[in-house]
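> Fold the stuff below for me.
(one chain, ligands or ions: 3)
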Amino acid sequence: MRLAAHWKTILQVILLAILNPARQIWRLSRRSTRRKVLPYRKTPIRPFLMAFGYPVVDEAVMRRVRAAQVSNVLRLTPLMIAGNLINAMALVAVGFAAVPIGLVLAWFLAVAGILFQMALQWRKFNRRPIEQASAKVIARAVRHATILSAVWAVVPVAALSFGDVFEFWVSSIVTIGMICGGGFALATVPQAAFRWLLVLYSVGVACLVTADIPQPWVLITLLTSFALIIIGSVASTSWLFTSNFLAESELRQRGDLISLMMNEIEEKDSDWLWETNALGRISNISIRFSTVAGRSFKELRAMQITDLASSLNLPEAHCAAETLSAAIESKSAFRALEIGVDVKGEERWWSLAGAPLYDDQGTFCGFRGVGSDITDVRRANALITQLAEQDSLTGIANRSWFLNRSEEMLAEQMKSGDKSLTLFLIDLDNFKVVNDTSGHPAGDELLKQVAKRFTSISEGRTVLARFGGDEFAALGSFASDEEAQAFADELVQVARKPFSICHREFAVGATVGFTRLCNANGTVDDLMREADIALYKAKETGRGRALAFAEEMQLEVRERRELETDLREAFENGKLDVEFQPIVDARSGKVISSEVLVRWQHPQRGDVGPDVFIPIAEHAGLILPLGAWVLDKACRIAARCPDLETVAVNLSAVQFMDPNLVETISDVLMETGFPGERLVLEITESVFLKDVGSASDKLQQLKDMGIRIALDDFGTGYSSLLYLRQYNFDKIKIDKSFVDEIGEQSEGLAIISAIIALAHNIGLEVTAEGVERQFQVDALRTLGCDNLQGYYFGRPNADPMKITAVRKEAWEDRAPSTAPGNRKRVTAGQD
Ligand code: C2E
Ligand code: CA
Ligand code: CA
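Ligands and ions are numbered 1, 2, ... in the order given. Here you go, the predicted model:
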């Protein structure tokens, strides 16, 4: 404390208190509490000023300070009374001899009267201690001190007036004793102490000056030094007293604040206090704590806080319990530590804050802290997280959760060195059709059912997610390629079984592409890319199957991507072409029709076959404009070739699924003026794999326009015969692979013979494709095939005029065709 800086103030205050305490008190008490912000407020001598009644703190505090000052004096009252009484009686005994009896008695009565009043006050104080005191109380104390000191000041005066040396000495000792005793007794009320001192000192000095003694200055100096010592010690005692008072009251205030906060905590529904002793046992248990913990006081007292944290049998809770144990063991404070607690069989979560407790000697005596039940908050958070990670339609995980989980699972495998992780990408085959034909609610229902089936087989084996649309993904560990393939096949199988939606059956199916970490080095992105390539490949090679990623697919895919770009460019720049291939009447050898085949001359690669780029066009969404363009071109050119009875145009399955197919075709016919009766559309059975009920209608609509329908590549699919019975075709085209079977010795004819017979039986015309040899022509004619197509008659040619002139040599010399003559067509189903 830099007190030296304040010495002037200190002296000033002391002087004022000595010379005119009454006025000082009056002035200070008048000083409005509104102006209590005094310059000394923040100075280190604040308690000193307070001791002298300066309002450097709130009046409320001042009142308590004054009460403490006065109480301290009152507490010493019995001692003071006893001292006064003993001194007074001694003086009476001595004074009888010299001082007039009346004066002695009067004086004694005065002393006794004052002491009696003091006793009364003390009694009153004892009954009801004073908590607060106004400035008036201090003024009254000063008044009492003045009166009592004045009474005692009579002693040296009387001794000087009436006594001799003996009385003088007795009175001197008594006066000095009273100065000191009173000064110390009144020390906590410095104004009173100073007044006491001032009265007795000035009277004492006056007596010494007037007394007939040698060298009175010596005694006066001595008396003055005593007085100064007393002034100093009174000032410092009172200062110390108020300092202590302030410190104590601050402590008390802080305590009050803490207990207020504690009460607040206890009053809040979710919070409670917890405490442990040095041994870690739970102690000082509140009712709330016991209620929240679902355990009796007795049970809790026998437990450690860590026992509570380990009561919940969940990995996450065990983890939290370990963290708590570590904190408690290392005696370090913690906050917001979430622990799981089993409360009567229910999973509850608490957030704990705690700090170690030490006693005055610094010995550790346990932990204390606050707990709050955060179960509901956690549940709400979990729900939010779940919503963010869940696909709202199917209830399974969504893409973002799946990708996060994939990263985690990959990291785990990288750490363990295990590389059995396998990623499956699943695409539904005919989802779009369900959506388009039966509406979105049916599509949604389908997705839910699919998710359910996938979940049922993936549980415990893989994590599963819907990526959006009709795409799903699964990720799990599979020890071998075979096991992974088996799971992928299972996915395909469960999707293949029909789905029942709104009393209708839907055949959907799924295609799966998968890849294994052990075959790749990689990141989640790599796995995704590879599985995607495998999926792409699987779709391209027939859907409804599962394919593992292989390195060579990568190159293929890259090539395909390039081709896709080039194709788009070529189509947009009119670089595609069409060629016509003759189809001859097996009876006359006359070209009666022509198949239109699209051509692409790639600037670098040369001729790229349609069997290569048509699937690319399908995948790139190019097939509809491309198909329409081919049709348009075919019709325009064929319109100029009256020799051709008909022209055959290929339709891809994707084109056939286009809901606007019929409209597109009729538009082309209208625009080109080409009669529908001269148009043949060739479709393959892949069209029906994707059918969901609209194929029949479409076929009928086309037939209503006079268009004829041929089932292309007959015999290469699985169910050609089935479709033959189910749909209303006009012709079939026997695939080249059957024609190839025909040997020079007429072997391999059985199947073709059966097909022709069957087709004729239901009134269908038969065309054989890929006829290259004379003996094939002969055999097919003998078997009654209606039309023939192949290099034997001509390769595809850009000019349709040139194809009509086919090899006719010795045609008449051949064995006659057994094909039915101008047979009247009968429609399937009439048989
Ligand atoms: P496709 O409909 O079976 O067409 C017959 C294919 O066999 C043609 O191949 C044709 O050039 C070939 N071919 C004809 N006669 C013989 C023969 O004697 N020997 C041999 N080895 N081949 C012969 P191309 O032109 O490569 O067409 C392949 C496939 O591409 C076609 O098979 C058809 O499915 C598809 N395609 C061709 N043009 C179009 C088109 O404009 N639209 C659609 N959607 N598909 C088309
Ligand atoms: Ca064809
Ligand atoms: Ca064909």
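
> Can you give the distance of the longest helix anywhere in the chain from its chain's centre?
Taking DSSP state H as the criterion, the chain has its longest helix at helix 216-267. On the basis of C-alpha atoms, centre = their mean, to the nearest Å, helix 216-267 sits 57 Å off its chain's mean C-alpha point.

> helices and strands around that helix, which ones?
On a contact count with 3 or more C-beta pairs under 8 Å, 6 or more residues apart in numbering; DSSP states H and E, helix 216-267 meets helix 7-19, helix 46-51, helix 59-75, helix 165-185, helix 190-210, strand 271-276. All C-beta spots, glycine's among them, are computed from the backbone N, C-alpha and C.

> could you give the angle of that helix to helix 165-185?
Angle, helix 216-267 to helix 165-185, by axes from the mean of the first three to the mean of the last three C-alpha atoms, to 10 degrees: 20 degrees.

> what domains does the record give for this protein?
59-251, 268-381, 392-549, 570-830 (automatic domain parsing).

> Make CSV from the ones you listed and add mean neighbour count, mean pLDDT and distance to residue 6 to it.
Below are those laid out as CSV (neighbours: other C-beta atoms under 10 Å; pLDDT from 0 to 100; distance: least, C-beta to C-beta, whole Å):
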stretch, mean neighbour count, mean pLDDT, distance to residue 6
domain 59-251, 18, 89, 11
domain 268-381, 16, 88, 33
domain 392-549, 18, 90, 68
domain 570-830, 18, 87, 93
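
> hey, C-alpha coordinates of stretch 618-636 in CSV?
Taking Å, rounded to 0.1, in the frame of the first residue of the first chain, the C-alpha atoms of stretch 618-636 are listed here in CSV:
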residue,chain,number,x,y,z
GLU,A,618,-28.6,-45.0,-75.8
HIS,A,619,-26.5,-44.2,-72.8
ALA,A,620,-25.8,-40.7,-73.9
GLY,A,621,-29.5,-39.9,-74.4
LEU,A,622,-28.8,-39.4,-78.1
ILE,A,623,-30.8,-42.3,-79.4
LEU,A,624,-34.2,-40.6,-79.7
PRO,A,625,-33.0,-37.8,-82.0
LEU,A,626,-30.7,-40.2,-83.8
GLY,A,627,-33.5,-42.8,-84.3
ALA,A,628,-35.9,-40.2,-85.5
TRP,A,629,-33.3,-38.9,-88.0
VAL,A,630,-32.7,-42.4,-89.4
LEU,A,631,-36.4,-43.0,-89.8
ASP,A,632,-36.8,-39.7,-91.5
LYS,A,633,-34.0,-40.3,-93.8
ALA,A,634,-35.1,-43.9,-94.6
CYS,A,635,-38.6,-42.8,-95.4
ARG,A,636,-37.5,-39.9,-97.6
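
> is it up against ligand 1 anywhere?
Yes: using C-beta under 6 Å from any ligand atom, stretch 618-636 reaches ligand 1 at 627, 630.

> what's the closest of the domains of the chain to ligand 3?
Among those, domain 570-830 comes nearest to ligand 3, with 4.4 Å by C-beta to the ion.

> anything in that closest one near ligand 3?
Yes: for domain 570-830 and ligand 3, the contact criterion (C-beta under 5 Å from the ion) is met by 712-713, 769.

> gap between the two ends of stretch 349-368?
19 Å (C-alpha to C-alpha, to the nearest Å).

> My error: substitute stretch 124-140 in the last question.
First-to-last residue span, stretch 124-140, C-alpha to C-alpha: 16 Å.

> Return the distance of it from the chain's centre.
63 Å.

> hmm, back to that, could the domains of the chain go into JSON lines alongside distance to ligand 2?
Listed next are these as JSON lines, based on distance: least, C-beta to the ion, whole Å:
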{"stretch": "domain 59-251", "distance to ligand 2": "101"}
{"stretch": "domain 268-381", "distance to ligand 2": "61"}
{"stretch": "domain 392-549", "distance to ligand 2": "18"}
{"stretch": "domain 570-830", "distance to ligand 2": "4"}
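
> can you tell me which residues contact residue 712?
650, 682-684, 733 (C-beta atoms under 8 Å, 6 or more residues apart in numbering).

> no, scratch that, I was asking about residue 678
638, 644-647.

> same thing but 6 Å
Taking C-beta atoms under 6 Å, 6 or more residues apart in numbering, we find residue 678 in contact with residue 646.

> before we move on, what about residue 461?
Contacts of residue 461 (C-beta under 6 Å, 6+ apart): residue 476.

> 10 Å - rerun?
Residue 461 is in contact with 474, 476-478, 483, 487, 490, counting by C-beta atoms under 10 Å, 6 or more residues apart in numbering.

> And for residue 186?
Counting by C-beta under 10 Å, 6+ apart, residue 186 touches 69, 72-73, 76, 80, 141-142, 144-145, 148-149, 192-197, 234, 237-238.

> How about residue 11?
Contacts of residue 11 (C-beta under 10 Å, 6+ apart): residue 235.

> Quick check: it vs ligand 3, distance?
124 Å (C-beta to the ion, to the nearest Å).

> export stretch 789-798 as CSV, just CAs?
Extracted in CSV, the C-alpha atoms of stretch 789-798 (Å, rounded to 0.1, in the frame of the first residue of the first chain):
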residue,chain,number,x,y,z
GLN,A,789,-31.1,-61.2,-96.4
GLY,A,790,-27.3,-61.3,-96.4
TYR,A,791,-24.1,-60.5,-98.2
TYR,A,792,-25.0,-63.2,-100.7
PHE,A,793,-27.6,-60.7,-102.1
GLY,A,794,-25.8,-57.6,-101.3
ARG,A,795,-24.0,-55.6,-98.7
PRO,A,796,-25.5,-52.5,-97.3
ASN,A,797,-25.3,-49.7,-99.8
ALA,A,798,-25.8,-46.0,-99.5
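
> Would that stretch count as contacting ligand 1?
Yes: judged by C-beta under 6 Å from any ligand atom, stretch 789-798 comes into contact with ligand 1 through 789-791, 796.

> Which residue does the stretch 251-400 of the chain have closest to ligand 1?
The minimum distance from the stretch 251-400 of the chain to ligand 1, using C-beta to the nearest ligand atom, falls at residue 399 (34.2 Å).

> is it fair to say residue 357 lies in a helix?
No: read with DSSP: H, G, I helix; E, B strand; the rest coil, residue 357 is strand and lies in no helix.

> For residue 285, see how far away it is.
Distance from residue 357 to residue 285, counting by C-beta to C-beta, to the nearest Å: 16 Å.

> likewise residue 403?
48 Å.

> Please name the residues that touch residue 613.
So residue 613 contacts 560, 563-564, 566-567, 570-571, 576, 598-600, 602, 620, 622, 626 (C-beta under 10 Å, 6+ apart).

> Determine which two of those residues are furthest apart.
Greatest spatial distance in the contacts of residue 613: 560 and 599, 19.2 Å, computed using C-beta to C-beta.

> Reformat the residues of domain 570-830 next to ligand 3 as CSV; add distance to ligand 1 and secondary structure.
CSV is the format used below for the residues of domain 570-830 next to ligand 3 (distance: C-beta to the nearest ligand atom, whole Å; DSSP: H, G, I helix; E, B strand; the rest coil):
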residue, distance to ligand 1, secondary structure
712, 5, strand
713, 6, strand
769, 6, coil
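
> what residue is smack in the middle of this structure?
residue 385 (5.9 Å; C-alpha atoms, centre = their mean).
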